[in-house]
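Asker: Coordinates for the following, if possible.
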Amino acid sequence: MFDIPEWAVRHDYFHHSNPRSGDRAKKLFEKVHVRPALKKAFDTLKNIEAHETDLATARLTIDIYKNNRGSAAMAAGRAVQDGCDLCLIPDGEFGQTLSLQEAQLIAKENLASYRPKNYDKSVEEDDRERLDKYLEEIPDVVENAVIGLKEAMARDNRFIGEIELLEQLPGNILPHNTFPDYGRRGDLKTKWSRPTTNKKGERTWAKGSLPSSLGGMFDMNNVYQVAGFYALNGKQPPFLVYANATDYRVFDQTNTPELRPDYLDGVVEDIAMQHRITENILRAAETKEELLGLVSPDWNSIFWQESPAYIREAKILWGME
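Answerer: Here you go, the predicted model:
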């Protein structure tokens with residue numbers, strides 16, 4: 001569908017995404033190094049003539065770049081969306097949906113299949129405790145998410161699940177790629193209890209709070225996400241549904257200034273500008289090493305919270321190991 005220029009092909013960079021979903025260095029590292037390395041590794045494992053040394057290297061690559069990449073919260077969010085889909089979106093074969101109780105059960109089963117991160121004992125214990133807590137909460141989160149989504153899509157003729165949108169933004173050569181969860185324009189966000197320690201040193205849980213507005217730094221990331229929907233779907237008004245174990249909240253243009261057309265148009269302009277900068281960097285570099293040398297990772301940011309093996313490989317490419 002798109003004529004991808006040579007300067008993008010040589011770096012295995014074929015489309016953009018929400019610029020606030022990760023720093024530019026992390027996005028480039030993932031697209032130009034991690035994904036091609038994983039593809040090569042999986043292709044090697046499928047090759048019946050591959051040498052044992054190559055197979056061992058492939059397995060190590062997968063262990064570094066694929067395993068231990070998730071979290072209990074991420075798995076819980078995916079499981080909630082699974083439950084909402086089953087409850088709201090008619091299946092393709094019979095056009096049927098499941099009851100809320102059936103959807104809650106399957107969502108909980110899906111979450112139970114998650115295996116906590118295990119590259120460090122303390123990390124594994126924390127992730128396992130979170131998993132246990134989220135298994136308790138997930139039926140209520142699914143219920144609140146379903147109620148919120150029904151409210152957000154009350155005027156829709158039918159409920160539509162996740163789709164892919166792929167198109168250039170103004171002034172960009174490469175397309176912007178994004179995936180609305182619902183209705184071609186909306187996204188679901190889940191909030192989970194977080195562990196705290198009281199004055200006695202005891203482990204307690206604080207309920208995941210729902211935002212009262214979208215002006216904060218992390219919620220603005222979500223505004224940028226749905227601005228991509230808005231830009232690529234004919235400017236249909238976007239919505240965000242947040243749900244936790246006790247409540248839900250719907251944000252749309254009727255109650256949120258950040259989701260109104262004038263604000264979203266400005267966000268889309270900023271996204272396109274960020275993409276143009278990335279495209280200029282891709283043009284300027286001939287090799288992967290040159291490309292990564294043009295950006296600086298913020299190792300302390302949330303986007304670089306990865307396993308030590310993953311970080312070590314990244315630092316090697318940046319000449320720090």
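
Asker: what helices or strands is the helix or strand harbouring Ile106 leaning on?
Answerer: Element membership for Ile106 (DSSP states H and E) is helix 100-112. Packing partners of helix 100-112 (3 or more CB pairs under 8 Å, 6 or more residues apart in numbering; DSSP states H and E): helix 72-88, helix 121-152. (Glycine included, C-beta is placed from N, CA and C.)

Asker: What angle do helix 121-152 and that helix make with each other?
Answerer: Helix 100-112 runs at 150 degrees relative to helix 121-152, counting by axes from the mean of the first three to the mean of the last three CA atoms, to 10 degrees.

Asker: quick one: contacts of helix 100-112?
Answerer: Residues outside helix 100-112 that contact it (CB atoms under 8 Å, 6 or more residues apart in numbering) are 75-76, 78-80, 82-84, 86-87, 98, 131, 134-135, 138-139, 142-143, 146.

Asker: so can I have a markdown table of the helices and strands packed on helix 100-112 showing distance to Arg194?
Answerer: Output for the helices and strands packed on helix 100-112, formatted as a markdown table (distance: least, CB to CB, whole Å):
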| stretch | distance to Arg194 |
| --- | --- |
| helix 72-88 | 9 |
| helix 121-152 | 8 |
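
Asker: what's the most buried one of these?
Answerer: Mean neighbours per residue, mean count of other CB atoms under 10 Å, is largest over the helices and strands packed on helix 100-112 for helix 72-88, with a mean of 22.

Asker: what's that one packed up against?
Answerer: helix 100-112, helix 121-152, strand 186-190.

Asker: I'd like the next helix or strand past the longest one.
Answerer: On the C-terminal side of helix 121-152, the nearest following helix or strand under DSSP H and E is strand 165-167.

Asker: Which strands or helices does that following strand pack on?
Answerer: strand 176-178, helix 217-232.

Asker: Strand partners (parallel or antiparallel) of it?
Answerer: When pairing is defined by DSSP bridges, strand 165-167 lines up against strand 176-178 (antiparallel).

Asker: need the helices for the stretch 201-321 of the chain, in chain order.
Answerer: 217-232, 261-284, 288-292, 308-317 (DSSP state H, counting those that start in this stretch).

Asker: residues in contact with Ser301?
Answerer: Ser301 makes contact with Asp23, Lys26, according to CB under 8 Å, 6+ apart.

Asker: Find me the pLDDT at it, would you?
Answerer: Ser301 carries a pLDDT score of 92 in this model.

Asker: Can you pull the phi/psi pair for it?
Answerer: phi -80, psi 160 (degrees, to the nearest 10).

Asker: Could you measure from it over to Ala25?
Answerer: As judged by CB to CB, to the nearest Å, Ser301 and Ala25 stand 9 Å apart.

Asker: for His11, same thing?
Answerer: Counting by CB to CB, the gap from His11 to Ala25 is 14 Å.

Asker: what does the average pLDDT come to for the helix holding Ile106?
Answerer: pLDDT averaged over helix 100-112 gives 98.

Asker: Flag every buried residue along that helix.
Answerer: Leu100, Ala103, Gln104, Leu105, Ile106, Ala107, Lys108, Asn110, Leu111 (16 or more other CB atoms under 10 Å).

Asker: Ok, stretch 55-73 next?
Answerer: Quick answer for stretch 55-73 (16+ other CB under 10 Å): Ala58, Thr61, Ile62, Ile64, Tyr65, Asn68, Ser71, Ala72, Ala73.

Asker: before we move on, back to that, now the helices and strands packed on helix 72-88 in CSV, with distance to Met217?
Answerer: Shown next, in CSV, are the helices and strands packed on helix 72-88 (distance: least, CB to CB, whole Å):
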stretch, distance to Met217
helix 100-112, 28
helix 121-152, 23
strand 186-190, 15
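
Asker: I'd like to know which of those lies nearest to Glu202.
Answerer: helix 121-152 (13.0 Å; CB to CB).

Asker: between the closest one and strand 186-190, how big is the angle?
Answerer: Going by the same axes, to 10 degrees, helix 121-152 is angled at 140 degrees with respect to strand 186-190.
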